[in-house]
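Q: Compute the structure for the input listed below.
(2 chains)
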Amino acid sequence: MIEIDRVGQVYLTKTRDIWAIAEITTTVATGEFVSIVGPSGCGKSTLLNIIAGFIAPTAGVVRVAGVTVENGIPPNLGYIFQKDTVLPWYRVRDNIALGLRYRGTPEREIKDRVAALLALGHLDGFGDVYPHELSGGMRRRVALLMTLACRPTILLLDEPFGALDTHTKTLLHKELIEIWREMGQTVVLVTHNLDEAVTLSDRVLVLSAPPSRILLDHRVDMPHPRDVFTVRETPAFAHHFQTIWKVLGEQFRTGAVEDLAPARRGP
Amino acid sequence: MSAPQKPNIDRVARLREIARAARRERLNVLAWQVSLLLLLLAIWEFGTRVPWLAQNVNVLDPFFVSQPSRVLSKLYDWTFGVKAGYLWPNLFSTLGATFLGLIVAVSTGFAVGLLFSQRRRLAEILSPFIIALNSLPRIAFVPLITMILGLGMASKVATAWFIVFFLVFFNTFKGALSIERELMDFCRTLGASERQITRTVRIPNALAWTFAALPNAVSFSLIGVVLSEFVGSTTGMGYLIIVALATLNSAEMFAALAVLCIVGVVLVMIFRLLERRVLRWAPEFREI
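A: I've put the predicted structure just below:
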């Protein structure tokens, strides 16, 4: 479980303090798939960084499994960045084994687990190639497998599919949802793609333009398993999409104006 | 999956024609290069035999520029002929100093570059000194180095180090700073300690930049050694050139230059291959 308790975040600049996050309070239940959407610059990624312990919030606290996130990354937490984070100097096999080697897992066990993960990511036969020989979608899979190798119970995804074409994206959605259903991680997905958010998640949080707060906490009560290829055509999908878009679209329209308005002064 | 459709024969033929044309073009360029080289050698060889040219044009006076045939026979003398063995100790002395200087410069440049990227305060304190040292004409230091270290291997290696170190250091330092924060944060989420981050992320990343500098580093190392041999030494290719100058023997001078030229080209080619081999994973680092 992730508890986000009155979290606020300020960026100091020379002329003024910019409140990226005004105040956010919410809870992500164990095994829940939550997406966060909002206009660009609304502090979605910042919130994810705070949960992961990369940055400390200016106000409030985050608790993961009841433990306050303070010094460093909570255990069993996986994080997929928008940027390509596969290490180019290691072969695919050694990239996937990286987390296990950090933990000192015996090499024989690593071998078996890497083989199983390669199969899971449909990358059999690519274990011995270098990342630069893979397509963008395949490198995303490798990053995901690197994380899954460590068997995280919490998965934070920061616009992981942003740079991919629609087809590859949909395939990865399918794989992600299958992995999630099988392993039951708690997932927080930051995205600017509402389609993606509705397709995948149990709940969608809409953040406002900065200083951001939660404008809408919407439950997507469509049954699992969902077929990522056809779910978009169902009436339920359209209903959820429109309900959320009513709020989100307003933010996109006014976002530009908010950016120009003077930010709230810090305390 | 349906079978691929029948290719358009004309277009395939056209593609083949384009590939053939590209091959022909490469051969053409090579032919021009060889012809140009032969032409220059011919002008050099026969121009110096025309009395009027030899007397009135300095660059065609055999006293100054010798002749390809004489240079070749001098090279033969040095290797298998009357002075057989004369070349080898000098060549090996230069090569040895070049490699030693290169190894010392690359390892120290790598280590200091990596250290500076991690100790930002140290880097900030020392950076004006390094910039000052780097912007001085390094050639001016060679006599000082020779004065301190004497006429021998030590001076040559020190000069090579002095020239190559900064090249490697700056490349490594810049590369180590360019590493993305996300890469390290990602590895931290995989459970890496700081030491493990250094071993698996910082060092391989910095090494890539160090290796990318190698082909240049080896030519600069050779330059440093020959420079040191000019200023003061008793062996080496630079020493042979200085002796040739003292005895006004242009054939010997060109023979030494030819050897240096071949050595330089071969060394750079070897290190390009080495770089390619080591940086197999990084096509963006490779020179074309």
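
Q: mind listing the helices in the stretch 1-150 of chain B by residue range?
A: Secondary structure of the stretch 1-150 of chain B (DSSP state H, counting those that start in this stretch): helices located at B:9-47, B:51-56, B:62-65, B:68-79, B:87-118, B:120-135, B:142-149.

Q: Using CSV, please lay out those together with distance to chain A.
A: Glycine gets a C-beta too; all of them are placed from N, C-alpha and C. What follows is the helices of the stretch 1-150 of chain B, written out as CSV (distance: least, Cβ to the nearest Cβ, whole Å):
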stretch, distance to chain A
helix B:9-47, 24
helix B:51-56, 56
helix B:62-65, 49
helix B:68-79, 43
helix B:87-118, 15
helix B:120-135, 19
helix B:142-149, 37
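
Q: now for the ones you listed, which one comes closest to residue B:220?
A: helix B:87-118 (8.6 Å; Cβ to Cβ).

Q: Which of the residues in the closest one are classified as buried?
A: B:87, B:90-91, B:93-102, B:104-106, B:109-110, B:112-114, B:116-117 (16 or more other Cβ atoms under 10 Å in any protein chain shown).

Q: That one: how far from the chain's middle?
A: 12 Å (Cα atoms, centre = their mean, to the nearest Å).

Q: so what secondary structure elements neighbour that helix?
A: helix B:68-79, helix B:120-135, helix B:153-177, helix B:203-212, helix B:214-231, helix B:237-246, helix B:250-278 (3 or more Cβ pairs under 8 Å, 6 or more residues apart in numbering or on different chains; DSSP states H and E).

Q: how about those, which one is nearest residue A:81?
A: helix B:203-212 (16.4 Å).

Q: and that closest one, is it in reach of chain A?
A: Yes: contact of helix B:203-212 with chain A is found when judged by Cβ under 8 Å from any Cβ of the partner chain, involving B:204, B:205, B:208.

Q: Show me which of the residues you listed is closest to residue B:179.
A: Residue B:179 lies nearest to residue B:205 out of the residues of helix B:203-212 next to chain A, by Cβ to Cβ, at 5.0 Å.

Q: quick one: secondary structure of the closest residue to that closest one other than its chain neighbours?
A: In this structure, residue B:205 finds its nearest non-sequential neighbour in residue B:179, 5.0 Å apart by Cβ to Cβ, 6 or more residues apart in numbering or on different chains. With DSSP: H, G, I helix; E, B strand; the rest coil as the basis, the three-state label of residue B:179 is coil.

Q: wait, what's in contact with residue B:179?
A: When contacts are counted by Cβ atoms under 8 Å, 6 or more residues apart in numbering or on different chains, residue B:179 is found next to B:201, B:202, B:205.

Q: Of these - the most surrounded one?
A: The most neighbours of any of the contacts of residue B:179, using other Cβ atoms under 10 Å in any protein chain shown, belong to residue B:205, which has 24 neighbours.

Q: any idea which residue sits dead centre in chain A?
A: A centroid search over chain A (Cα atoms, centre = their mean) returns residue A:157, at 1.8 Å, as the residue closest to the centre.

Q: Let me see the ranges of the strands in the stretch 101-250 of chain A.
A: Along the stretch 101-250 of chain A, counting by DSSP state E, counting those that start in this stretch, strands occupy A:154-158, A:186-190, A:203-207, A:214-219.

Q: that older thread, can you redo the helices and strands packed on helix B:87-118 as JSON lines with mean pLDDT?
A: Compiled in JSON lines, the helices and strands packed on helix B:87-118 are given as follows (pLDDT from 0 to 100):
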{"stretch": "helix B:68-79", "mean pLDDT": "91"}
{"stretch": "helix B:120-135", "mean pLDDT": "89"}
{"stretch": "helix B:153-177", "mean pLDDT": "93"}
{"stretch": "helix B:203-212", "mean pLDDT": "90"}
{"stretch": "helix B:214-231", "mean pLDDT": "94"}
{"stretch": "helix B:237-246", "mean pLDDT": "93"}
{"stretch": "helix B:250-278", "mean pLDDT": "91"}
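
Q: For residue A:99, which of these is the nearest?
A: Among the helices and strands packed on helix B:87-118, helix B:203-212 comes nearest to residue A:99, with 16.6 Å by Cβ to Cβ.

Q: circling back: write down the beta-bridge partners of the residue nearest to the centre of chain A, one by one.
A: According to DSSP bridges, the partner residues bridging residue A:157 are residue A:80, residue A:189.

Q: isn't it right up against residue A:80?
A: Yes: A contact is recorded between residue A:157 and residue A:80 when judged using Cβ atoms under 8 Å, the distance being 4.7 Å.

Q: rewinding a little: roughly how far does the residue nearest to the centre of chain A sit from residue A:74?
A: Distance check for residue A:157 against residue A:74: by Cβ to Cβ, to the nearest Å, it reads 16 Å.

Q: Around residue A:179, how many other residues sit close by?
A: Once other Cβ under 10 Å is used to define contacts, residue A:179 is seen to have 18 neighbours.

Q: Quick check: nearest residue in space to the residue in the stretch 1-150 of chain A that chain B sits nearest to, chain neighbours excluded?
A: Closest approach between the stretch 1-150 of chain A and chain B, counting by Cβ to the nearest Cβ: residue A:99, at 3.5 Å. When the adjacent residues along the chain are set aside, residue A:99 lies closest to residue B:190, with 3.5 Å between them (Cβ to Cβ, 6+ apart).

Q: What does the one you found show for phi and psi?
A: Residue B:190 has phi and psi values of phi -80, psi 0 when expressed as degrees, to the nearest 10.

Q: Give me the phi and psi angles of residue B:152.
A: Backbone geometry at residue B:152, expressed as degrees, to the nearest 10, gives phi -180, psi -170.

Q: dump the residue contacts of residue 208.
A: Using chain A here. Residue A:208 makes contact with A:38, A:39, A:42, A:214, A:215, A:251 under the criterion Cβ under 8 Å, 6+ apart.

Q: nope, chain B please
A: Residue B:208 neighbours (Cβ under 8 Å, 6+ apart): A:89, B:175, B:279, B:282, B:285.

Q: Number of residues surrounding the fourth one?
A: Okay, so that is residue B:282. That count, for residue B:282 with other Cβ under 10 Å as the rule, works out to 21.

Q: ok, it - contacts?
A: For residue B:282, the contact set (Cβ under 8 Å, 6+ apart) comprises A:88, A:89, A:132, B:208.

Q: Now, of these, which are buried?
A: Once neighbours are counted (16+ other Cβ under 10 Å), the buried part of those comes down to A:88, A:89, B:208.

Q: hang on, the second one in a strand?
A: In other words, residue A:89. No: residue assignment for residue A:89, taken from three-state DSSP, gives coil, which places it outside any strand.

Q: wait, doesn't it sit right on residue B:278?
A: No: counting by Cβ under 8 Å, no contact exists between residue A:89 and residue B:278, whose distance comes to 9.8 Å.

Q: what does the stretch 101-250 of chain A have sitting close to chain B?
A: Proximity of the stretch 101-250 of chain A to chain B is assessed by Cβ under 8 Å from any Cβ, with A:102, A:103, A:130, A:131, A:132, A:143, A:146, A:147, A:149, A:150, A:152 identified as the residues in range.
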